[in-house]
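> Show me how the following folds:
(2 chains)
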Amino acid sequence: MEILSGLFNGFSIALQPLNLLWCFAGVFLGTVVGIMPGLGPAATIAMLLPLTFGMPPTSGLIMLAGIYYGAKYGGSTTAILLNVPGESASVVTCLDGYQMARNGRAGAALGIAAISSFVAGTVGVLGLMLLAPPLAKIALSFSSPEYFALMILGLAMVVLLAGDSMIKALLAMLFGLWIASMGIDLFTDASRFTFGSAELLDGIDFVVVAIGIFALGEVFANMEMQGGASLLPVPKGMRELLPTMAELKACRFAFFNGSVVGFIIGVLPGAGSTIASFISYGLEKAVSKHPEKFGTGVPEGVAAPEGANNSETGGALVPLLTLGIPGSGTTAILLAAFVLWGLRPGPLMIQDNPELFWGLVASMYVGNVMLLILNLPLIPLFAQILKLREYILYPIIFGISIVGIYTSSSSFFDCWMLSLFGLLGYLMRRLDYPTAPLILGLVLGDSMERALRQSLMMSQGDLSILYHRPIAATLLFISLLLVCLPLFRNFNQWRIRAIEDNG
Amino acid sequence: MLDLSNSKKTGMACLFIYMLSPFALHADFKPTKPIECVVHTGPGGGSDVLARFIAQTVEKENLSPVRFQINNKTGGSGVTAMTYMAEKKGDTHTIAVFTGNWLITPLTRSETKVSVKDMTPIARLVLEPALIAVKSDAPYKTLKDFIEAAKKSPGMLKQSGGSSTSRDNVVRQLLMKSTGSNWTFISFPGGGERISALLGGHVNVMVIEPQEAGEHIRAGSLRVIAQIAEKRLPGFSNIPTLKEAGFNIPNVPQVRGIVMSSGIPVDVISYYENLFYRLSKTATWRKYLEDQQFEDGYQKSAELSYFIDGYTDQMREILKEAGAKVIR
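This is a model prediction of the structure:
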């Protein structure tokens, strides 16, 4: 009852004309920065922060949160059409999204991304509304050993992302882990693999590697096939622009999986949306009836990560609003905004400012509907980009990638790194190495190492801390199953062959 | 004749004034294009938030004819931003927000080619005090209780904090050395993770900013056992400072202020010195300090220069004692 009256109150705030306007401004801006690689929601919110000082905090929060979840919608567009991840969480969307576009289903992929974002975004808000206070308490029981087990689970996904050769996949993953170890070590303050260069003190930015390997690598590989390069088929007519019923049906579980995985991982302050999208993609593939088709353009391979990355937003707001704990760069800025607005973020904020919390929750329902309405009609427009000839399209991809990297760090060094990783991406394609495991290692390496070292410092070097705690033990057990899965399959095939031979 | 000599004198005087005039004009240095304000944190980080507040206050209180533009030069605990400032030699329209990191990082990091000593100090603005907090159901009522417990089981108690050269760890090192106790320091990259570890009961103690702790104390989930400040903070008048609690260790403030690159003319220095002096006297600024529980740390250029030398020497000693490799 309390929730109903709160929500009613929230809608009465969110539906005020001015707040509707701010909400629209937020989600629109969010979509735009999501589409542009490099410029992320964190930087946008920081830049717009001074604008909000004249507004009531609720309106300001409605707009800034709109940018936050709106960016997650936009991020999939360039990932699907150009293989350029618009933001870090869209990397996984590239895997099947771009392949769908190559199969002439670009419109369908964009449509599924938008629908999945809408479903999961809404589930995320529902979770935030219904479960926030108890869930935040549970999240606190998650500590370094649990994070370590979660990262191991993520890393075990490599067996699902590997192509034909497991050895090549493992090599790519190890390379990713190595890149992740570059830079200042937090614990000892030592510099690792910086080769005396101040630019490498912070390691190599994930986005640089992802855009280099995915976008530039793809362009290099396509350029080589001169003349023979096939243009991506342009979807024609409404039928080709929208997902079919069969495709939507295939995504039923993905919508659910993405929503739940994204929300749960979002609540944990030490995880993040990239990990959420990898895990939900892996889960989708693990339970799929046709796991071998993943990576060739299956709709559920788009729906699961896109969903996870959107419901993560609702999850990430749980510790922020209920405890005043930011779990990511973007939520850290929202926290700074609360302070500058004169609010006191912390365990009592919802109790002290119910209209703020409920206004935000209601506005997020409204904002998700706006985003769906905003994004669906844009699909035919965006799909037109595939009509461009390669001599126009490739320079555009180059331009977008370089400008994107430069705007996010304003460093030429990063642009050189981008080209380097572009070449690496090309070589990996030529030598038939899968690229996704490298990204996976890079995303997880740093947090996994940190969690392991923190755990061992907590236990005075006793390894049993890693498997004596129930959540950690469960996650490790699932990872073990995942790793053994291919072995069982091989064994089964061998057994069938043996039986056939005997027969 | 007299007239002539007079006119000659006048002429000489005119020439003299003419020669002086570039200086005279310069004495009223006025920025002519937006002032670039470099910070070493990403959007939302401590220095970034401060810089954006300064930019906003300068505009609101009409302190400068031009706008401030924030430029986030992130990377390497300030190294990227410091290198960038060194490249801006003599630039009269670029300022930077420095923190204690800028003073400490060059001491231990061989990749750093520049330090704050190669820059022009303009003004020190804030000193950020800190609190030592435990979970409210912990058995430690005072810092002394905690130290005694740490002595009983060396290395078993844990503190969550930032990197090993952060203030959190420096305070721990100083306390351990002066009391002969020992506990473990666990690094977490984000403030959110540090406080989660404390609230979840995974660590026992944390050095925390008053602003960050305030709401958790009000909600009854954290208890403050000491404060790292010269004098008691207004919101925590019943909590002793380290000195009052009987721990005679040097105070380690987190400091923030403004520097420019090297080779800045004297009149430009005094222009910016004056600008930040006026800023520090505005009501908006005073309210900000109060809200954030910061101490007013205003010092002008010459005093700041002296402060930087002293602080660097003090940190060098502390880092050496803590076993860090000091290269400068």
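
> In the stretch 51-200 of chain B, which residue sits closest to chain A?
Chain A sits closest to B:Gly76 of the stretch 51-200 of chain B, with a gap of 3.1 Å, by CB to the nearest CB. From N, CA and C alone the C-beta is placed, and that goes for glycine too.

> Need the pLDDT of that residue.
B:Gly76 is assigned a pLDDT of 73 by the prediction.

> any idea how far the nearest residue to it once chain neighbours are set aside lies from A:Ile405?
Spatial nearest neighbour of B:Gly76, chain neighbours left out: A:Leu201 (3.1 Å); criterion: CB to CB, 6 or more residues apart in numbering or on different chains. Going from A:Leu201 to A:Ile405 by CB to CB, to the nearest Å gives 18 Å.

> The residue nearest to B:Gly76 should be in a helix, yeah?
Yes: per DSSP: H, G, I helix; E, B strand; the rest coil, A:Leu201 lies within a helix segment.

> what about it, neighbour count?
Other residues near A:Leu201 number 22, with proximity taken as other CB atoms under 10 Å in any protein chain shown.

> swap in B:Asn62?
Neighbours around B:Asn62, by other CB under 10 Å: 7.

> ok, now how distant is it from B:Leu275?
Taken as CB to CB, the span from B:Asn62 to B:Leu275 is 11 Å.

> What is the three-state secondary structure of A:Met448?
A:Met448 - assigned by three-state DSSP - is helix.

> residues in contact with the residue nearest to it when sequence neighbours are not counted?
Spatial nearest neighbour of A:Met448, excluding adjacent residues (CB to CB, 6+ apart): A:Met151 at 3.6 Å. Contacts for A:Met151 (CB atoms under 8 Å, 6 or more residues apart in numbering or on different chains) come out as A:275, A:444, A:447-448, A:451.

> And for A:Cys23?
Counting by CB under 8 Å, 6+ apart, A:Cys23 makes contact with A:14, A:62-63, A:66, A:363, A:366-367, A:370.

> now A:Ile400
Here A:Ile400 is in contact with A:36-37, A:78, A:82, A:84, A:215 (CB under 8 Å, 6+ apart).

> wait, what's in contact with A:Ile115?
Taking CB under 8 Å, 6+ apart as the criterion, A:Ile115 is in contact with A:243, A:248, A:251, A:255, A:303, A:372.

> In three-state terms, label the second one for me.
In the three-state summary, A:Leu248 is assigned as helix, counting by three-state DSSP.

> isn't it right up against A:Ala114?
No: using CB atoms under 8 Å, A:Leu248 is not in contact with A:Ala114; the gap is 11.9 Å.

> Can you give me the neighbour number for B:Gly323?
9.

> same question, A:Asn368
So A:Asn368, with other CB under 10 Å, has 27 neighbours.

> Next, the contact list for A:Glu312, please.
A:72, A:89, A:124, A:262-263, A:265-266, A:272-273, A:276-277.

> Reformat those as a markdown table; add neighbour count and distance to chain B.
Formatted as a markdown table, the contacts of A:Glu312 follow (neighbours: other CB atoms under 10 Å in any protein chain shown; distance: CB to the nearest CB, whole Å):
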| residue | neighbour count | distance to chain B |
| --- | --- | --- |
| A:Lys72 | 32 | 18 |
| A:Ala89 | 30 | 17 |
| A:Gly124 | 31 | 19 |
| A:Gly262 | 35 | 19 |
| A:Phe263 | 29 | 18 |
| A:Ile265 | 28 | 15 |
| A:Gly266 | 31 | 13 |
| A:Gly272 | 21 | 11 |
| A:Ser273 | 29 | 15 |
| A:Ala276 | 30 | 17 |
| A:Ser277 | 31 | 20 |
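
> As CSV, these with secondary structure, distance to B:Val171 and pLDDT would be great.
Shown next, in CSV, are the contacts of A:Glu312 (DSSP: H, G, I helix; E, B strand; the rest coil; distance: CB to CB, whole Å; pLDDT from 0 to 100):
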residue, secondary structure, distance to B:Val171, pLDDT
A:Lys72, helix, 40, 87
A:Ala89, helix, 37, 78
A:Gly124, helix, 39, 92
A:Gly262, helix, 39, 92
A:Phe263, helix, 38, 93
A:Ile265, helix, 34, 90
A:Gly266, helix, 33, 89
A:Gly272, coil, 30, 79
A:Ser273, helix, 34, 85
A:Ala276, helix, 36, 90
A:Ser277, helix, 39, 91
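
> between those residues, which is closest to B:Glu215?
A:Gly266 (21.8 Å; CB to CB).

> Low-confidence regions, chain A specifically.
For chain A, residues meeting the criterion pLDDT under 70 lie at A:1, A:226-240, A:489, A:503.

> Residue of it closest to chain B, please.
Counting by CB to the nearest CB, chain A gets nearest to chain B through A:Gly346 (2.2 Å).

> which non-adjacent residue is nearest that residue?
Among residues not flanking A:Gly346 along the chain, B:Glu215 sits closest, at 2.2 Å (CB to CB, 6+ apart).

> give me the element the one you found is part of.
In the assignment (DSSP states H and E), B:Glu215 maps to helix B:210-218.

> which residues are in contact with that helix?
So helix B:210-218 is contacted by A:324, A:339, A:344-349, B:129-131, B:133, B:191, B:195, B:199, B:222-224, B:227, B:233, B:235-236, B:291-293 (CB under 8 Å, 6+ apart).

> Give me every residue in the stretch 1-150 of chain A that's in contact range of chain B.
Selection of the stretch 1-150 of chain A residues close to chain B by CB under 8 Å from any CB of the partner chain yields A:42-43, A:45-47, A:49-50, A:53, A:139-144.

> follow-up on the earlier one: for the residue of the stretch 51-200 of chain B closest to chain A, grab the count of nearby residues.
Using other CB under 10 Å, the number of residues around B:Gly76 comes to 27.

> For it, give me its contacts.
Counting by CB under 8 Å, 6+ apart, B:Gly76 makes contact with A:184, A:198, A:201-202, B:105, B:109, B:111-112.

> Could I have the ChimeraX command that selects the buried members from those?
A single ChimeraX command is used to select the members of the contacts of B:Gly76 judged buried by 16 or more other CB atoms under 10 Å in any protein chain shown:
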select /A:184,198,201,202 /B:105,109,111,112
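
> ok, so of the contacts of B:Gly76, who is nearest A:Leu161?
Using CB to CB, the contacts of B:Gly76 come closest to A:Leu161 at A:Asp202, 26.5 Å.

> wait, isn't the closest one in contact with A:Asp185?
No: at 11.9 Å, A:Asp202 and A:Asp185 do not qualify as touching, with contact defined as CB under 8 Å.

> Give me the residue at the spatial middle of chain A.
Centroid-nearest residue in chain A, with CA atoms, centre = their mean: A:Ala89, separated by 2.2 Å.

> Please report how far that one lies from A:Ile400.
For A:Ala89 relative to A:Ile400 (CB to CB), the value is 18 Å.

> Likewise for A:Thr407?
11 Å.

> Serialize the contacts of B:Gly76 to a markdown table and add fields for secondary structure.
Conversion of the contacts of B:Gly76 to a markdown table gives the following (three-state DSSP):
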| residue | secondary structure |
| --- | --- |
| A:Ile184 | strand |
| A:Ala198 | helix |
| A:Leu201 | helix |
| A:Asp202 | helix |
| B:Thr105 | helix |
| B:Arg109 | coil |
| B:Glu111 | coil |
| B:Thr112 | coil |
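
> For the contacts of B:Gly76, which two are the farthest from each other?
A:Asp202 and B:Thr112 (13.3 Å).
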